Structure formats: C-alpha cells, structure tokens
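1. Any chance you can model this:
(chains A and B)
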Amino acid sequence: AQTVTQSQPEMSVQEAETVTLSCTYDTSESDYYLFWYKQPPSRQMILVIRQEAYKQQNATENRFSVNFQKAAKSFSLKISDSQLGDAAMYFCASYTNAGNMLTFGGGTRLMVKP
Amino acid sequence: GAVVSQHPSRVICKSGTSVKIECRSLDFQATTMFWYRQFPKQSLMLMATSNEGSKATYEQGVEKDKFLINHASLTLSTLTVTSAHPEDSSFYICSANPWTPSSYNEQFFGPGTRLTVL
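-> Numbers count the residues shown, from 1 in each chain, chains lettered A, B, ... in the order given. All right, here's what the predicted structure looks like:
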C-alpha cells in the first residue's frame, strides 16, 4: 500500500518570495512516479510537476521545482517568485504501475500575500 | 492537451432520488476512468476504478449498490448515486487514462460535479 503525507495544512508566502511545500511518501514498489497537483478555487485539478522515481535529476517546470530525496522518501515542491495566481490547494500524489492508481496526500493550502 | 468533461457541473436533488453524473474524454480514448469524492477542505478519495467493458473495482468502504459505475464506451463513464441522501452531498471528480505504450498513463481530470442532496 502507498501512503502520502503532507505535514503542512496551510502555508503562506509573500508575493515574489519563495516557498517550499513538504511531502513524504511510502511505497514498497521500486517503479513509481510522484506528482504535485494544484487545485485552485475552481477545483479543477492541474498537474504542476512530475518526477519519475528512477530519475536522479530533480524535475523543474519554470518557477516550480522539486527536491526528490529517494532514500528519505521525501518530495518537496519549491515555488519561486510566488504569484497571486499560485494561491490554491496543493496535493502531493504517488502512482505505481502495479496499483494503477493515484494516492493523494491531505493537501496544503497555499496563501499568497500581496 | 487531453480534455475530460463532466456533466452536470452542479446538481441539487431531493433525498431518495437518483442522480447520474457523466464523465467524457473529449479527444482521446480512455481505457480506464477513475471516480473520486472530495469533501470540503479535504483531499481526493478514490471511490472506484472502471475499465471499459468490465465491472468497476470499488475501494474498500464504498457501497457498489449505492454508487453505480458504468464504463460503456472508451469515452464515457457514468456514476449514478442511487437513493441519494444528504450525506452523499459532496464534490465528485472523474479522471481518465489515455492508453499509451509507455509505462505510465497520465490521468486527466474533469472539472468536477457538486452534488447537493436536500
């Protein structure tokens, strides 16, 4: 079974600053993928970034990057130059081919202060 | 990009009635579709996985007679909440997997359906 834990229910960041959202996971599979999803007030789930477990290099997508620590089973999301539009719920999730399902963490609500 | 639609986006019904929610993949064929439930300020909870042409696989604790899932074609899955009660009020989200030859099949999410049972 997979578990995903987000220990920060809420985070706040000043506009243009950098914020890091934490995520830890547990899986017995060796082949898995990790994701960060954003859910704005519209509630549409948006994929922010994806990391394949077999890749050592941390994924980056513009202002979003991850710090993937495989041994520690940690997968944090860094948002640089935060913008007002980044305010949303952020969910960390894991996927294994064996399970063919996404397992979500509890979410972190990010507030961006102007 | 791949688009998944849901209909209706909002529905209000009386207790005891049944409600059907449709999930469609608009520009791809989905071999697998997923149904999630999300309570306010909580995470997504997987209810069931449906594969085209076969019975859905329900997660533990989800009543299969209460939440009927039909995946009749490669672009359409439906969730029917039977004899709805106020405790069934929630936000329901579907997602779909397009088949690809790679080892990972990305899930694309619909915009969700807000169900309110009076």
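
2. only C-alpha atoms for contact and neighbour calcs from this point on.
-> Fine.

3. what's the pLDDT at residue B:70?
-> Residue-level confidence at residue B:70 comes out at 91, pLDDT.

4. ditto for residue A:84
-> 97.

5. now residue B:100
-> 68.

6. Ok, residue B:32 next?
-> For residue B:32, pLDDT reads 89.

7. check contacts around the residue most central in space within chain B.
-> Centroid check for chain B by CA atoms, centre = their mean gives residue B:35 as the closest residue, at 3.3 Å. For residue B:35, the contacting residues are B:46-49, B:79, B:92-95, by CA atoms under 8 Å, 6 or more residues apart in numbering or on different chains.

8. Considering those residues, which is situated nearest to residue A:63?
-> Here the nearest of the contacts of residue B:35 to residue A:63, counting by CA to CA, is residue B:95; it sits at 26.1 Å.

9. these two touch, right, that closest one and residue B:31?
-> No - contact criterion CA atoms under 8 Å: residue B:95 and residue B:31 do not qualify, at 11.2 Å.

10. hmm, back to that, distance of the residue nearest to the centre of chain B relative to residue A:58?
-> 30 Å (CA to CA, to the nearest Å).

11. residues near the closest residue to residue B:13 other than its chain neighbours, how many?
-> Excluding the flanking residues, the one nearest residue B:13 by CA to CA, 6 or more residues apart in numbering or on different chains is residue B:117, at 5.1 Å. When neighbours are counted by other CA atoms under 10 Å in any protein chain shown, residue B:117 registers 19.

12. Same check on residue A:17?
-> Neighbour number of residue A:17 under other CA under 10 Å is 13.

13. Equivalent analysis for residue A:90, please.
-> 28.

14. Identify the residue nearest it in space, chain neighbours excluded?
-> residue A:38 (4.6 Å).

15. List the beta-bridge partners for residue A:3.
-> Residue A:3 has these beta-bridge partners by DSSP bridges: residue A:26.

16. Centroid-nearest residue for chain A?
-> Centre-nearest of chain A using CA atoms, centre = their mean is residue A:36, 3.1 Å out.

17. Report pLDDT for that residue.
-> The model's pLDDT for residue A:36 equals 97.

18. The one 3 residues further on now?
-> The score at residue A:39 is 97. That number is its pLDDT.
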